[in-house]
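Undergrad: okay, here's the prediction I keep looking at, along with the sequence it came from:
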Amino acid sequence: MARRQKAIYYFISIILLLPLYSCTKRIAPEESHEKKTNFALVIHGGAGAMKPGSYTPEQEMEYKAKLTQALKIGYKILNNGGSSLDAVEKVINTLEDSPLFNAGKGAVFTSNGINELDASIMDGKTMNAGAVAEVRHVKNPISLARKVMTNSPHVLLAGEGAEQFAKEQGFTLVDENYFYTKKRWDSLQKIKARERQKSNKSKKQTSNVILNDEHKFGTVGCVALDKNGDLAAGTSTGGMTNKKFGRIGDSPIIGAGTYADNNTCAVSCTGHGEYFIRYDVAYDITALMKYKKKTVKEAADEVILNKLVKRGGSGGVIAIDKYGNMAMPFNTSGMFRGFITDKGVATVKIYKE
């Protein structure tokens, strides 16, 4: 009898412990639900057709140096107790001021030979957000997006209205020539030459020429977790080379290119914007975490490496959750990316590994 009671006791113990065991198995060792770091920051400089050999060693060093500089600026802010919003804005300012990336100074040209800039930012604590689109004279669009969030009742302002708001907020507008870089101008001219050569072909084929060239470069973004446990995300871009008709991509669209929620994660996207808009990529990642209880890595991988690929979309994301777990998946051959935690060690990468 005693042996039978002992067997029943062990059986009941196993049944009670099974849920705990399965939960432990689901969460990857590197992605626990305990806070891993006091603060952390992740950045991207665009996803696209970057492969080993695409850049000289000197060019690779230049990109990595700028990404490292941006990470260290964010680290200093967060280490000193600054907010995730401050870190996101200042880090993106650094990338916007560099001609290396398709944002701010390095923005690509439209079909009309001008630069139209988009940006958005979101506060994971309050769920407030701000964005601007088609601005032509704003040196740092991410800073204007933050002003839209904090100093207006709106979320998204575009074109002349956004620039009028910028003036009212004390921004000094710059001449359009500020955004000129020979590399981006030459890229536009190459595409236009191909268009002329292929003028007798379909619009779809012409569009593919545009996208294949543009995917070598990319949008910039940043997500951050601060010491208070607050998340923030921001994205800034010059759009698509040779874009027409006032085209706006996903970067200024909350839920498509940018999203942050303290209950789940902060996300910034880069890639073929039309797909990111159609499928609400940034929000979809947070929704998978919220409703399907996926980890940030599981959710980001599911959207970028599975859903988006099946639908024909290319690009990548960076994401961080409230515990400091990070994800940086991309379905292209490369993505400029990096991260830093409270340990103060910056890690930057370009290609798939």
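TA: Here it is on my side, so go on.

Undergrad: with adjacent residues omitted, what lies nearest to the spatially most central residue of the chain?
TA: Nearest residue to the geometric centre of the chain (C-alpha atoms, centre = their mean): Ser268, 2.5 Å. Spatially, and ignoring its direct neighbours in sequence, Ser268 is nearest to Gly221 (3.0 Å; C-beta to C-beta, 6 or more residues apart in numbering). The C-beta positions use only the backbone N, C-alpha and C, and glycine is treated the same way.

Undergrad: hang on, the earlier thing: looking at this, the residue nearest to the centre of the chain is in a strand?
TA: Yes. Under DSSP: H, G, I helix; E, B strand; the rest coil, Ser268 falls within a strand.

Undergrad: do you know how far it is from Leu85?
TA: The gap separating Ser268 from Leu85 is 13 Å, by C-beta to C-beta, to the nearest Å.

Undergrad: could you do Met328 as well?
TA: Between Met328 and Leu85 the computed distance is 21 Å (C-beta to C-beta).

Undergrad: repeat that for Val345.
TA: In this view, Val345 and Leu85 are 24 Å apart by C-beta to C-beta.

Undergrad: so between the two, which is more surrounded?
TA: Per other C-beta atoms under 10 Å, whichever of Val345 and Leu85 has more neighbours is Leu85, with 27 against 10.

Undergrad: any stretches of the stretch 1-150 of the chain with poor pLDDT?
TA: Applying pLDDT under 70 to the stretch 1-150 of the chain flags residues 1-32.

Undergrad: mind listing the strands for this structure?
TA: Secondary structure of the chain (DSSP state E): strands at 40-48, 117-123, 129-135, 156-158, 220-225, 231-237, 258-260, 265-271, 315-321, 326-327, 334-341, 347-351.

Undergrad: could you dump these into TSV with distance to Gln189 added?
TA: Shown next, in TSV, are the strands of the chain (distance: least, C-beta to C-beta, whole Å):
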stretch	distance to Gln189
strand 40-48	20
strand 117-123	21
strand 129-135	22
strand 156-158	27
strand 220-225	24
strand 231-237	21
strand 258-260	31
strand 265-271	24
strand 315-321	25
strand 326-327	37
strand 334-341	24
strand 347-351	26
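
Undergrad: can you tell which of these is closest to Lys147?
TA: Taking C-beta to C-beta, strand 129-135 is the member of these nearest to Lys147, at 6.9 Å.

Undergrad: output the closest one in CSV with nothing but the alpha carbons.
TA: Extracted in CSV, the C-alpha atoms of strand 129-135 (Å, rounded to 0.1, in the frame of the first residue of the first chain):
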residue,chain,number,x,y,z
ALA,A,129,4.2,58.9,-31.3
GLY,A,130,5.2,61.5,-33.8
ALA,A,131,6.2,61.4,-37.5
VAL,A,132,7.0,63.6,-40.5
ALA,A,133,7.0,62.9,-44.2
GLU,A,134,8.3,64.6,-47.4
VAL,A,135,10.3,67.3,-45.6
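
Undergrad: which residues does it contact?
TA: When contacts are defined by C-beta atoms under 8 Å, 6 or more residues apart in numbering, strand 129-135 is touched by residues 116-123, 138, 141, 144-150, 152, 154-159, 162-163, 166, 246, 248, 252-254, 258.

Undergrad: show me how to select, in PyMOL, the buried members of those residues.
TA: Buried members of the contacts of strand 129-135, defined by 16 or more other C-beta atoms under 10 Å, are picked up in PyMOL with:
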select buried, resi 116+117+118+119+120+121+122+123+138+141+144+145+146+147+148+149+155+156+157+158+162+163+166+248+252+253+254+258
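
Undergrad: now do the contacts for Gly106.
TA: Each residue near Gly106 by C-beta under 8 Å, 6+ apart is listed here: Ser98, Pro99, Leu100, Thr181, Arg184, Gly238.

Undergrad: surely Leu308 and Val281 touch.
TA: Yes. Leu308 is within contact range of Val281, at 6.8 Å (criterion: C-beta atoms under 8 Å).

Undergrad: anything in contact with each of those two?
TA: Common contacts of Leu308 and Val281, defined by C-beta under 8 Å, 6+ apart, comprise Tyr275, Gly315.

Undergrad: which one of those two is surrounded by more residues?
TA: Between Leu308 and Val281, counted using other C-beta under 10 Å, Val281 has the larger neighbour count: 29 against 26.

Undergrad: mind listing what the more buried one touches?
TA: By C-beta under 8 Å, 6+ apart, Val281 lies in contact with Asp250, Ala256, Gly257, Val267, Cys269, Tyr275, Val303, Ile304, Leu308, Gly315, Val317.

Undergrad: closest to Gly104 out of those residues?
TA: Nearest to Gly104 out of the contacts of Val281 is Gly257 (C-beta to C-beta; 16.0 Å).

Undergrad: dig out what the residue nearest to Ser268 forms beta bridges with.
TA: Beta-bridge partners recorded for Gly221 (DSSP bridges): His44, Thr235.

Undergrad: many thanks, we can stop here.
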